[in-house]
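In: What follows is a predicted structure for the sequence shown.
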Amino acid sequence: MGISINIRTKQMIIFFAIQASVALQSIYFIENECNAASNATTMTAAEMRDDAKIKAVWAGMRAALKAKDINRALTYFSDDAKDTYEYNFNLLKGHLDDIISILREIELDEFREDVADYNMLSDYDGDSFVGLVRFVKDSSGNWRIKFF
């Protein structure tokens, strides 16, 4: 003995499921925006300087990929990440413009010692997502991309 659901009820269930999904995504986005605003207002002077340096690293890497200069883009990565990204960028060489279109601006999430995590809000095929971008300081004290 099963439950009989008519087409109108199914449509309403789908409608409310979509509304709930949109609401949850909005809450997640608002929470991330609040976290970023909170972090921005509590940054020390040193963190503000590091934030500017990190954003310059990100912009430099994106500009190098836009110019299809993989070797220059790799200079912005940590030593232990270079081989992986070199392989992937060369494998996807014909799609670097697509990669650049996904790699958007970044916003600080958290600083910890020699590690900084940033959020990258992006969209792909009409779906929005937040990606984690991690930066680490190298032995010379320069910020490098660990992964995204």
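Out: Structure received.
In: what are the ranges of the strands in the chain?
Out: Taking DSSP state E as the test, the strands found in the chain are 106-112, 115-124, 127-137, 143-147.
In: Just name the most buried of these.
Out: The highest average neighbour count among the strands of the chain, using mean count of other Cβ atoms under 10 Å, belongs to strand 143-147 at a mean of 20. C-betas here are computed from N, CA, C, even on glycine.
In: returning to what we had before: out of the strands of the chain, flag the one nearest residue 75.
Out: strand 143-147 (8.8 Å; Cβ to Cβ).
In: so where's this structure uncertain?
Out: Residues of the chain meeting the criterion pLDDT under 70: 1-41.
In: Walk me through the domains of it.
Out: With domains defined by automatic domain parsing, the chain comprises 1-42, 44-147.
In: Run the chain-centre distance for the last one.
Out: Which is domain 44-147. Here domain 44-147 is found 9 Å from its chain centre; the criterion is Cα atoms, centre = their mean, to the nearest Å.
In: returning to what we had before: and among the domains of the chain, the most buried is which?
Out: domain 44-147 (a mean of 15).
In: That one: end-to-end distance?
Out: One end of domain 44-147 sits 25 Å from the other (Cα to Cα, to the nearest Å).
In: Ok, stretch 91-102 next?
Out: Start-to-end span of stretch 91-102 (Cα to Cα) is 17 Å.
In: Also stretch 115-135?
Out: Length of stretch 115-135, first residue to last, Cα to Cα: 6 Å.
In: Return the distance of residue 47 relative to residue 116.
Out: As defined by Cβ to Cβ, to the nearest Å, residue 47 lies at a distance of 9 Å from residue 116.
In: actually residue 84, not the one I typed
Out: 20 Å.
In: go on, residue 122?
Out: Relative to residue 116, and taking Cβ to Cβ, residue 122 is found at 19 Å.
In: Just list the residues touching the nearest residue to residue 116 once chain neighbours are set aside, thanks.
Out: Spatial nearest neighbour of residue 116, excluding adjacent residues (Cβ to Cβ, 6 or more residues apart in numbering): residue 135 at 4.5 Å. The neighbours of residue 135, taking Cβ atoms under 8 Å, 6 or more residues apart in numbering as the test, are 54, 57, 115, 116, 117, 118, 143, 144, 145, 146.
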